[in-house]
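Student: fold the following for me, if possible:
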Amino acid sequence: MRITDVITYVAKAYVGKPVTGFRGFYEDVASRISHGFTAVYVKVVTDEGLVGWGEAIAREAPEATAAVINNLFKPMLIGKDPLDNEVLWEQLFSAMRIRGHYAGYYVEALSGIDLALWDIKGKYFGKPVYKLLGGAFRDRVKAYASSVLFMSPEDTVKEVERLVQEGFKYVKVKIGRGYDMDRAVIKAVRDSLGNEVEIMVDANTAYNVSTAIKVGRMLEKYDVLWFEEPVPPDNIEAYSRIAKTLDIPIAAAETLFTKYQWLEFMVREAVDIVMPDIARVGGITEAMKIAAMADAFGIPMTFHVGLSGVGCRAATLQFVASLPSHITFTPTYEYYYVERNPLAYEITNESVEVFRGDDVEIPNRPGLGFELNEERLRKYIV
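Tutor: Just a heads-up that it's a prediction; the model follows:
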């Protein structure tokens, strides 16, 4: 079996308002970007009729991601055996590594290719990808509702109450508007709902070290489950200081790429819960190595999905199914409920996310478990 073509689809779905949770320094920037959803879908075609689909995370300028795939990766992949996904991953990663391209758009593009190759491999053997990863430890995974975005304390309580009534035990709340507002919001939720709900918070890198520690100590008093991205991800020393000072688990970092970056955070004891995005870190091939390191360091994993489309979601569910319980942190799957992303829900023939309460079933169809409807996808093609 040989690869005969690699096709990229740059998709955008605008909703006319910011959909991110950034505050602090990034608020003005976020107000001018991220007014919707973007994705780069990758279609790998073979001479045996099998087609694999993958998604490369693409928050802004998805054309750049597609250009890496079209101009660099595609010529390297034509004629190759798609089942050699580990060999192909190393070849693609090494192509520009010596020129300094070992993160960013380059690895995001590589992630999309890797997921498409795993999709082909699963279809070739007629098995869901989790079978190729060694089997499933679970047939469903606990999801959390993400994220309650910057409401008043009173409205935050109403929103969390609504989510609890819908069946969610775990709810993530965005913080980062200053100590007083953060405290007012979390206190209001805890005072109203008590232990009926588990609260996680995400600051989206809004704070410096001293403020993050002050906020973290407040969060500990309200039994918050994790404190996510308190400071920017390029400051490992800051993360290390915060994680060693606070008792609340520090969760990070959806922004990191390959095992090399994750290793630095683990060695420095800078993170208590790792949150890789499978469509950013290098796909399933690299996520397996990150999971092995997390296991060795005794650090549990949960996974970032956020604004991503169906490819990231499907691959995440397959991968989570293959992880033993001592590696996974509960809740494990991020369900972004705020806006219904059409690049996740309107372009497939069958839904990937099938809920039973706040559990999501693991798809057991061959490959990653989804097929894009290209006719529906065209509506969003740039």
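
Student: correct me, but residue 239 touches residue 266?
Tutor: No: between residue 239 and residue 266 there is no contact under Cβ atoms under 8 Å: 11.0 Å. Backbone N, C-alpha and C define where each C-beta goes, glycine included.

Student: quick one: which of those two has more around it?
Tutor: residue 239 (27 against 19; other Cβ atoms under 10 Å).

Student: help me confirm that that one is found in a strand?
Tutor: No: assigned with DSSP: H, G, I helix; E, B strand; the rest coil, residue 239 falls outside any strand and is helix.

Student: just the pLDDT for it.
Tutor: If you check residue 239, the pLDDT there is 98.

Student: which residue packs closest to it, ignoring adjacent ones?
Tutor: Nearest residue to residue 239 in three dimensions, chain neighbours excluded: residue 270, at 3.7 Å (Cβ to Cβ, 6 or more residues apart in numbering).

Student: the one you found: neighbour count?
Tutor: Neighbours of residue 270 (other Cβ under 10 Å): 22.

Student: for it, helix, strand, or coil?
Tutor: coil.

Student: didn't it look like it was pressed against residue 235?
Tutor: No: between residue 270 and residue 235 there is no contact under Cβ under 8 Å: 9.3 Å.

Student: those strands in the stretch 101-250 of the chain, which residues are they?
Tutor: For the stretch 101-250 of the chain, the strands defined by DSSP state E, counting those that start in this stretch occupy 140-148, 170-174, 198-202, 227-228, 250-252.

Student: out of the ones you listed, which is closest to residue 288?
Tutor: strand 140-148 (17.4 Å; Cβ to Cβ).

Student: averaged pLDDT, the closest one. What do you get?
Tutor: On average, strand 140-148 scores 96.

Student: parallel or antiparallel, list what pairs with it.
Tutor: strand 170-174 (parallel), strand 328-336 (parallel), strand 359-361 (antiparallel) (DSSP bridges).

Student: reformat those strands into JSON lines and put mean neighbour count next to each item.
Tutor: Shown next, in JSON lines, are the strands paired with strand 140-148 (neighbours: other Cβ atoms under 10 Å):
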{"stretch": "strand 170-174", "mean neighbour count": "25"}
{"stretch": "strand 328-336", "mean neighbour count": "22"}
{"stretch": "strand 359-361", "mean neighbour count": "19"}
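
Student: now those strands as a markdown table including distance to residue 102 and mean pLDDT?
Tutor: Formatted as a markdown table, the strands paired with strand 140-148 follow (distance: least, Cβ to Cβ, whole Å; pLDDT from 0 to 100):
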| stretch | distance to residue 102 | mean pLDDT |
| --- | --- | --- |
| strand 170-174 | 30 | 97 |
| strand 328-336 | 26 | 97 |
| strand 359-361 | 32 | 98 |
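
Student: got CSV for those, with distance to residue 57 too?
Tutor: What follows is those, written out as CSV (distance: least, Cβ to Cβ, whole Å):
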stretch, distance to residue 57
strand 170-174, 19
strand 328-336, 13
strand 359-361, 19
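
Student: thanks a lot, see you next time.
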